[in-house]
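Visitor: sequence first, predicted coordinates after that:
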Amino acid sequence: MTIDPLASLLIGAFGAAVLTVGGGLFGAWIQSRREHARWLREERLGAYESFLISAESMLAYRADQSAQRADDLMNTMHASAATARLLGPDSVFAAIVAHEQSCQDLLYATLQITVEHGGRSALLTDAERERLSALRSKSLPTRRALVEEARHVLGISGKRVEPRIGKRPS
């Protein structure tokens, strides 16, 4: 049995066309997945950064600032946490919730001290200063855990620089 040379040529050309179209579609699919992964990584980075900035602002809240400022800080932090929740993953959101709680504990303690002083700005007692310092220190491990998990999810590796909160360079 012999195959007609024309049929052989047409089958070969058709096969090559199918492989070319299939390869092109496969390449486009891979590129689409890469672009989506890049977009998701950038959006996550922005959301995590926004949350960390709002958390740092909340940790910097002082008793002499207004209650409205505290409310604004809380709303900003909740909004950035919600964005991070939408972008995932759950492991980062769990770390966000833990850090958010430690920030809120400090904010509520600061507001309570303000109320105890009759809403006036006053010098803190040693006990109040120690209480706030302990709560601020409690937020450092939750921040560290959040940053480490976010770095892992974002694929950021390398040596991490420790924050110098409250320390002066020597």
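Guide: Yep, that arrived.

Visitor: just for the chain, where's the confidence low?
Guide: Applying pLDDT under 70 to the chain picks out residues 119-122, 159-170.

Visitor: what's the helix or strand for the residue nearest to the spatial centre of it?
Guide: Geometric centre of the chain, nearest residue: Tyr48, 1.8 Å, by CA atoms, centre = their mean. Per DSSP states H and E: Tyr48 is located in helix 5-59.

Visitor: which helix or strand lies directly C-terminal to that helix?
Guide: Proceeding N to C from helix 5-59, the next assigned helix or strand is helix 67-87, under DSSP H and E.

Visitor: using CSV, write down the CA coordinates of that following helix.
Guide: The C-alpha trace of helix 67-87 is given here as CSV (Å, rounded to 0.1, in the frame of the first residue of the first chain):
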residue,chain,number,x,y,z
ALA,A,67,-10.2,60.0,69.8
GLN,A,68,-11.2,60.7,66.2
ARG,A,69,-7.6,60.1,65.1
ALA,A,70,-7.8,56.7,66.9
ASP,A,71,-11.0,55.9,65.1
ASP,A,72,-9.5,56.9,61.7
LEU,A,73,-6.4,54.7,62.4
MET,A,74,-8.6,51.8,63.3
ASN,A,75,-10.7,52.2,60.1
THR,A,76,-7.7,52.4,57.9
MET,A,77,-6.2,49.3,59.4
HIS,A,78,-9.4,47.4,59.1
ALA,A,79,-9.7,48.4,55.4
SER,A,80,-6.2,47.3,54.6
ALA,A,81,-6.7,44.1,56.4
ALA,A,82,-9.9,43.4,54.4
THR,A,83,-7.9,44.0,51.2
ALA,A,84,-5.2,41.6,52.3
ARG,A,85,-8.0,39.1,53.2
LEU,A,86,-9.3,39.2,49.6
LEU,A,87,-5.9,38.7,48.1
